[in-house]
Every structure is written in structure tokens, then in C-alpha cells.
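Peer 1: Show me how the following folds:
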Amino acid sequence: MKAVSDEPVIVFLGPSLPVAEARRVLPARYLSPVRCGDVLRVRRLKPRVIAIIDGLFETTAAVWHKEILLALEDGIAVFGAASMGALRAAELAPFGMVGVGAIFEAYRDGVYTDDDEVAVLHGPAAEGFRARSDAMVNVRATVARAVEAGVIGAESAREVIQCAKETFYQERSLTRAMDRAWGTSRTGEAVRFRRFIEQGGYVDQKRLDALALLRHLADVYGAPRTRESCVIEVNRSCFIMKLQHQVMCRPFTAAEPDLPGEEKVALEARLLGPTYRLLRRLALLMSMAEALARARGVDVAPRHMARSFDADDFGLGPAARAARWTRARDLDDAGLKRYVRRLATIRALLEASGKARGRHGRPTPVYEPHLLALMRIDGRYEHWRPATVPAGVSPGWAVLRNAERGGGEDFRLYRRSAKLWHVLDEAGRILGVEAPDDRQVVCDEFRRARGLHTERVTLDWMRRNDLDVDSYAELAAAEARLSILCEASRTYTLGLIETIEPVCWLHDAIRLSGLYPRLKRRLAAPASSDGRARRAAAPDFERALREHCARLGEPAPANVEEYARALDFAEGGAELAAALARRSRSASSSCPSGAPEASCVTGHPPQSRQRLR
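Peer 2: Residues are numbered from 1 along each chain as shown. Sure, this is the predicted structure:
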């Protein structure tokens with residue numbers, strides 16, 4: 001069998017089978033149960049095979065069929081079995097997805113039609129996604145074996161199956177179904193059936209099908225693969241392109257041990273708090289700027305490629321030509337060339353946009369109003385505003401000079417984003433992308449989002465941000481237009497040439513910022529192994545979170561779940577607590593903004609609601 005690292009096999013696995021057992025059958029990259037967007041994400045790992053066993057659905061959107069179709073269109077073999085994989089394989093078999101196992105066959109043949117046949121309640125990743133209820137398919141298989149062995153009769157079997165089917169899947173168990181079906185009657189059958197189960201009669205059909213799929217892949221992996229029967233071309237709907245746009249600018253949904261280094265770095269960046277939000281926005285704007293450049297047919301000349309190694313906002317610096325630089329950022333030669341090409345395309349777009357000249361002969365970048373707007377939108381304008389502004393000096397100019405001197409990498413991220421937003425905003429406004437017509441509604445939404453609930457508080461905020469009524473309304477409208485762009489809800493009106501290329505713009509933004517090596521060193525730092533973080537109580541997490549936020553220069557969140565999810569911690573506060581807990585007290589490198597790195601957490605809050613699949 002070939003090494004997985006050469007042509008990786010990606011397996012989405014959860015409660016159906018322990019990962020340790022799966023590895024003994026098939027070396028592969030094992031990821032948590034699949035959810036919406038995950039198949040698009042793993043395309044950037046360039047797998048040869050994707051195997052879907054388990055997946056989430058109720059607490060998050062389930063994996064889309066079109067994600068799988070795009071993977072098939074790429075020439076990736078996609079297999080499914082046991083659970084979510086069996087469902088999707090039955091639905092997409094005509095398009096080339098391959099199903100394995102009895103559960104897949106039952107869905108394909110119409111024997112099973114309900115999703116709840118494979119649904120279970122399960123524990124979190126820390127518990128290995130251990131199932132906490134019985135899947136209906138397992139109940140059916142166990143009862144069938146008992147009938148075949150003469151343990152129970154056919155009528156008793158029907159009663160048990162009916163009671164199990166009528167039970168909500170999260171509460172479903174074989175023993176509970178037996179109690180409901182028989183009560184105090186048929187004690188003989190009940191005793192025999194219970195003994196039958198205790199002696200190994202229980203049939204875990206989901207486990208059997210998962211193993212069958214892994215064994216199948218172990219047998220055929222590395223063999224030549226043909227796709228004569230299924231060559232498809234997938235329609236790029238606005239919905240799948242919006243999902244792709246989001247996936248390109250975000251990390252994976254969980255810190256999986258099998259992920260490559262650049263994906264772990266992107267996940268680590270979430271702990272940068274406000275700096276991570278700047279990186280994510282820059283990634284979104286970079287992706288749209290590159291698409292706009294292609295839509296306009298902007299010529300990318302050799303000089304643009306060469307200037308990608310300049311030491312400016314969209315240049316990597318001369319050191320990027322050295323092999324040491326690329327190794328430190330987990331790039332090979334081909335990856336560097338593609339990255340440089342993307343940066344050169346953005347540079348060509350910005351160059352084509354030109355510059356403006358302000359009063360008194362001083363060059364005034366055309367993006368400066370957008371830069372000030374970003375600072376005000378994020379609440380950073382007040383932070384960088386000098387206590388006193390000299391007479392004759394614009395307050396905005398004083399803020400920019402102050403931020404340039406002391407804002408560090410955060411200010412450079414703002415400047416890059418402002419340059420791109422200026423170009424995109426201009427293109428959008430020409431084509432009619434505007435905030436809603438009702439000016440009062442826009443202003444009220446802007447005000448409420450910042451907790452400005454009274455006139456006095458609002459006026460005070462405007463004073464601190466050097467705004468009058470008209471400029472406040474302009475800022476609210478600008479923020480609304482930015483939201484439209486970043487949410488990709490109306491980007492099609494820009495005439496963008498969207499791409500389905502499996503690239504991660506968040507990686508590009510992190511590398512461009514210069515933060516990549518520092519984040520990589522943080523990952524390499526030894527973590528505490530004394531176990532105290534797992535056993536500590538919720539107050540320890542709350543205290544550590546306050547310390548972490550203080551070191552990042554932001555207030556502790558009033559709503560931890562909302563704060564965590566805004567930083568792309570898909571499981572909310574529990575996942576944030578686990579991420580902080582992994583940070584060792586011995587990892588004392590400084591954070592990108594120049595403040596000390598947040599210390600390790602000594603505890604985590606109570607477990608959040610368990611995920612369902």
C-alpha cells in the first residue's frame with residue numbers, strides 16, 4: 001500500500017468505529033464526522049480518496065450533495081458506508097459515489113427510507129464520539145439474528161422493532177424497546193434475549209459496514225482507477241459558490257491531529273482574537289479582489305510577479321526567494337509559485353485602480369476613508385486616537401499616524417484590507433451594490449450592534465470617533481456594504497469570475513502578514529501534560545479567559561458561546577476552552593501585536609450539548 005502522505009485518503013469517522021481500530025485496517029487521515037463545507041475543505045488537501053462514514057446534521061448543516069459532486073468532478077473517488085456515508089452514497093450512486101455494506105444496500109434498494117435509521121446521540125470528540133443511543137439499523141440486525149437463532153419469535157421481534165422505531169432516536173435503545181414491548185409478559189423470551197445479547201449477540205451493523213469500507217479501500221488503494229461510467233460536470237449555483245467562498249477563507253472546523261501543518265496554523269490563529277478577525281476579513285477581500293481582477297481581464301505582467309517579493313503591503317519581501325523562508329511557511333516550490341501568482345494578480349488590480357492626490361500637494365491614498373471606516377467599525381479608532389490633536393491637523397490624520405507608529409501588524413492588516421475594500425466598494429457601487437434604502441434602519445442596526453441604546457450614549461460614541469450626524473450615517477452605510485461583500489450574499493453582482501479551485505485564502509493572509517512562523521512555533525511548544533486542565537472547574541476557565549482577553553487587549557466577552565463561534569470555534573465555548581487548555585504555560589513567545597501571549601488555561605466549562613448525527 002502506498003504511503004498516505006503521498007496521495008492521502010481522507011476518512012470522516014465518528015461513533016461508528018474508534019479511530020485507533022480504523023488505523024489498524026487502513027492508514028489514512030482521519031477527521032471528525034463530516035458537516036456542511038468539509039468536503040470542499042478537504043479538496044485543498046488534494047486527496048485521492050474521500051471516505052464518508054459518519055456525519056453531523058441536527059446541530060449543523062449536513063454535508064451537501066453538490067460538495068461530493070464537485071469532488072467527483074475533480075477525479076476524487078468518494079466512498080460511503082454505515083451512516084451518513086451510506087445515505088449520501090445511495091443518493092449519489094448514479095453520479096459515481098461508491099457505497100459499501102448492508103446499510104448502503106438497504107437504502108439503495110428502498111428497504112430503508114428514513115434518515116433516523118442510522119442516527120444516534122453521541123459524545124464529544126474528547127470521548128471519541130462514543131454513541132449514547134442505539135442506531136435503528138443495529139436494533140434491526142440484532143433482532144434478526146435473534147430470530148434466526150431461535151431466541152425469540154417473529155411476533156416478539158416485530159413488537160420490539162416497532163417500539164424502537166417509535167422512540168426518538170436520541171433516546172432509542174434495544175433494552176428500552178424490549179421493556180416497552182413486553183413489559184412483564186414473555187419473561188422467558190426476555191431472559192433468553194438479554195442473555196443472547198450479553199453473550200455477544202448484539203450486531204453493530206454500523207461498525208461492520210465501516211470496517212468493510214476500510215478493508216475495501218485497503219485492498220484497492222493504489223490500484224489504477226477508472227471512471228468510464230461517470231464523467232460529470234457540476235453546475236455552479238450561487239449557493240455552492242457562496243459556500244466555497246466561505247470555506248476558502250476559514251480554517252477546518254476542528255483541530256484534528258491528522259491535519260497538515262498549515263491547517264493547524266490556521267486553527268491556532270483563532271486564539272489571536274481581534275487579529276484573527278482581521279486576518280479572516282483580509283482573506284475574504286483578497287479572494288474577491290483576485291476574482292474581480294480575472295473578471296476585468298487585468299493583465300498580470302512579469303513586473304507584478306517580481307514585485308511580489310518587494311517588502312510592501314502585498315509583497316513577501318526578498319527573503320521569500322530563499323528555500324528557508326518557504327520551509328518555515330510549509331510551502332513547496334509549486335505552492336510558492338501559485339501563491340506569488342495570486343498576489344501578483346491582486347497587485348495588478350490595485351495598480352490599475354491608480355492613486356489620487358490630496359490638497360497641499362500631499363499624496364493622499366484613495367483608500368484612506370475606507371481605512372478610517374474600518375477602524376471605526378471595529379472600535380479601534382478610539383484606541384489609536386491621540387488624547388490631544390494639534391491645531392490645524394485632521395483628527396483622522398492624527399489617528400492614522402498614531403496607528404502607523406504603534407499599531408504593529410494589526411495596522412498593516414487594516415491598511416491591506418482598506419486598499420482592497422476601496423477597489424471592491426467602488427466596483428460594487430458602480431454596479432448598484434448599496435446599503436438598504438431606509439437610512440434610519442441602517443443607522444439603527446449599526447447602533448444596536450455596538451450597544452448604543454440611548455441617544456446620549458450614541459452621541460458620545462460619535463464624539464469619540466469624530467463623527468457628525470451625516471458622517472455617522474455614511475459610516476453605517478459603508479459598514480452595510482462591507483457586510484454584503486464579506487457575506488458573499490450579492491457578490492455575483494460584481495461580475496466576479498468565481499473559482500472552485502481548492503485554495504485557502506486564510507493561509508495566504510497569515511503568510512502575508514508574517515505571523516505564520518510565530519504561530520508555527522507556538523504549535524511546536526510543549527504543552528502541559530499534568531492533566532489538571534481537564535479536571536479543573538468552570539471558574540478556572542472564566543478566569544483564564546479574562547486573562548487571555550486582557551493580554552489580547554480586548555474586554556472579556558459577556559457571551560462566551562457567541563464570542564467563541566465568532567472566532568470559528570464550531571463547538572463554541574467548550575472548544576475554545578480546550579484550545580486554551582492546550583496552550584502551555586511554557587510557550588511564552590510573544591503574540592503578534594507585541595503583547596505577551598495568553599497563558600495556558602487550567603480548566604474548561606461544563607460540556608456543551610452533545611453533537612448529533
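Peer 1: Tell me how many other residues surround residue 183.
Peer 2: Residues contacting residue 183 under the criterion other C-beta atoms under 10 Å number 10. For glycine as for every other residue, the C-beta is placed from the backbone atoms N, C-alpha and C.
Peer 1: Residue most distant from the centroid, the chain?
Peer 2: residue 188 (53.0 Å; C-alpha atoms, centre = their mean).
Peer 1: Could you list the low-confidence segments of this protein?
Peer 2: 1-7, 184-186, 221-231, 355-364, 488-498, 526-539, 584-613 (pLDDT under 70).
Peer 1: so what are the domain limits for it?
Peer 2: Under the assignment automatic domain parsing, the domains of the chain span 9-124+207-236, 136-205, 237-522, 525-613.
Peer 1: CA atoms only: put the host helix or strand of the residue farthest from the centre of the chain into CSV for me.
Peer 2: Per DSSP states H and E: residue 188 is located in helix 187-196. Once non-C-alpha atoms are left out, helix 187-196 reads as follows in CSV (Å, rounded to 0.1, in the frame of the first residue of the first chain):
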residue,chain,number,x,y,z
THR,A,187,-40.4,-13.3,30.6
GLY,A,188,-38.9,-16.4,29.1
GLU,A,189,-38.1,-14.7,25.8
ALA,A,190,-36.9,-11.6,27.5
VAL,A,191,-34.4,-13.6,29.7
ARG,A,192,-33.2,-15.5,26.7
PHE,A,193,-32.8,-12.4,24.6
ARG,A,194,-30.9,-10.5,27.3
ARG,A,195,-28.6,-13.4,27.8
PHE,A,196,-28.1,-13.7,24.0
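Peer 1: If you count contacts, what does that helix end up packed against?
Peer 2: Helix 187-196 sits against helix 174-182, with contacts defined as 3 or more C-beta pairs under 8 Å, 6 or more residues apart in numbering; DSSP states H and E.
Peer 1: so what does the helix it packs on touch, helix or strand wise?
Peer 2: By 3+ C-beta pairs under 8 Å, 6+ apart, helix 174-182 packs against helix 136-148, helix 154-165, helix 187-196.
Peer 1: quick check: angle from it to helix 136-148?
Peer 2: 60 degrees (axes from the mean of the first three to the mean of the last three C-alpha atoms, to 10 degrees).
Peer 1: does residue 330 really touch residue 260, like I thought?
Peer 2: Yes - using C-beta atoms under 8 Å, residue 330 is in contact with residue 260, at 7.2 Å.
Peer 1: From residue 189, how far out is the residue nearest to residue 164 when sequence neighbours are not counted?
Peer 2: Leaving aside its sequence neighbours, residue 164 sits nearest to residue 177 (C-beta to C-beta, 6 or more residues apart in numbering; 3.8 Å). Using C-beta to C-beta, to the nearest Å, we find residue 177 at a distance of 13 Å from residue 189.
Peer 1: who has more neighbours, those two?
Peer 2: With neighbours defined as other C-beta under 10 Å, residue 177 and residue 189 compare such that residue 177 has more, 23 against 19.
Peer 1: how close does that one sit to residue 55?
Peer 2: Residue 177 is 25 Å from residue 55, by C-beta to C-beta.
Peer 1: and what of residue 416?
Peer 2: 37 Å.
Peer 1: And for residue 113?
Peer 2: 18 Å.
Peer 1: who's more crowded, these two?
Peer 2: residue 55 (25 against 9).
Peer 1: The closest residue to that one other than its chain neighbours: neighbour count?
Peer 2: Nearest residue to residue 55 in three dimensions, chain neighbours excluded: residue 84, at 2.9 Å (C-beta to C-beta, 6+ apart). By other C-beta under 10 Å, 27 other residues sit near residue 84.
Peer 1: Would you agree residue 84 is in contact with residue 58?
Peer 2: No - assessed by C-beta under 8 Å, residue 84 is found out of contact with residue 58, at 11.8 Å.
Peer 1: Please identify the buried residues of the helix holding residue 188?
Peer 2: 189-190, 192-193, 196 (16 or more other C-beta atoms under 10 Å).
Peer 1: who's in contact with residue 192?
Peer 2: 151-152 (C-beta atoms under 8 Å, 6 or more residues apart in numbering).
Peer 1: Just the C-alphas of stretch 165-179, formatted as CSV.
Peer 2: Provided in CSV are the C-alpha atoms of stretch 165-179 (Å, rounded to 0.1, in the frame of the first residue of the first chain):
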residue,chain,number,x,y,z
LYS,A,165,-38.9,2.8,15.8
GLU,A,166,-41.4,4.8,17.7
THR,A,167,-38.8,6.1,20.1
PHE,A,168,-36.9,9.4,19.4
TYR,A,169,-33.5,8.5,18.1
GLN,A,170,-31.6,10.2,20.9
GLU,A,171,-33.4,8.0,23.4
ARG,A,172,-33.5,4.8,21.5
SER,A,173,-32.0,1.7,23.0
LEU,A,174,-32.7,-2.0,22.5
THR,A,175,-33.3,-2.7,26.1
ARG,A,176,-35.8,0.1,26.4
ALA,A,177,-37.6,-1.2,23.4
MET,A,178,-37.7,-4.7,24.9
ASP,A,179,-39.2,-3.3,28.2
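Peer 1: ok, which stretches of the stretch 1-150 of the chain are helices?
Peer 2: 19-25, 38-42, 65-73, 84-92, 102-108, 136-148 (DSSP state H, counting those that start in this stretch).
Peer 1: So which of these is nearest residue 128?
Peer 2: Each of these has some distance to residue 128 by C-beta to C-beta; the shortest is helix 19-25, at 7.1 Å.
Peer 1: Assign residue 236 to helix, strand or coil.
Peer 2: coil (DSSP: H, G, I helix; E, B strand; the rest coil).
Peer 1: That one and residue 78: what is the separation?
Peer 2: Residue 236 is 19 Å from residue 78, by C-beta to C-beta.
Peer 1: Please say which of the two ends up with more neighbours.
Peer 2: Legend: neighbour count by other C-beta under 10 Å for residue 236 and residue 78, higher for residue 78 (25 against 14).
Peer 1: which residues does that one contact?
Peer 2: 39, 49-52, 68, 71-72, 92, 96-98.
Peer 1: Which single one of those is nearest to residue 379?
Peer 2: Nearest member of the contacts of residue 78 to residue 379, counting by C-beta to C-beta, is residue 39, at 36.7 Å.
Peer 1: Settle this for me: the closest one is touching residue 67, isn't it.
Peer 2: Yes - using C-beta under 8 Å, residue 39 makes contact with residue 67 at a distance of 3.9 Å.
Peer 1: Measure how far the helix holding residue 188 is from the centre of its chain, please.
Peer 2: 48 Å (C-alpha atoms, centre = their mean, to the nearest Å).
Peer 1: Just give me the neighbour total for residue 182.
Peer 2: Neighbours around residue 182, by other C-beta under 10 Å: 18.
Peer 1: just residue 93 next, same as before
Peer 2: 16.
Peer 1: Would you mind measuring from it to residue 79?
Peer 2: From residue 93 over to residue 79 (counting by C-beta to C-beta), the distance is 11 Å.
Peer 1: Overlap in contacts, these two.
Peer 2: The contact sets of residue 93 and residue 79 overlap at residue 99 (C-beta under 8 Å, 6+ apart).
Peer 1: count of neighbours near the closest residue to residue 123 other than its chain neighbours?
Peer 2: Leaving aside its sequence neighbours, residue 123 sits nearest to residue 130 (C-beta to C-beta, 6+ apart; 4.6 Å). Residue 130 has 14 neighbouring residues, counting by other C-beta under 10 Å.
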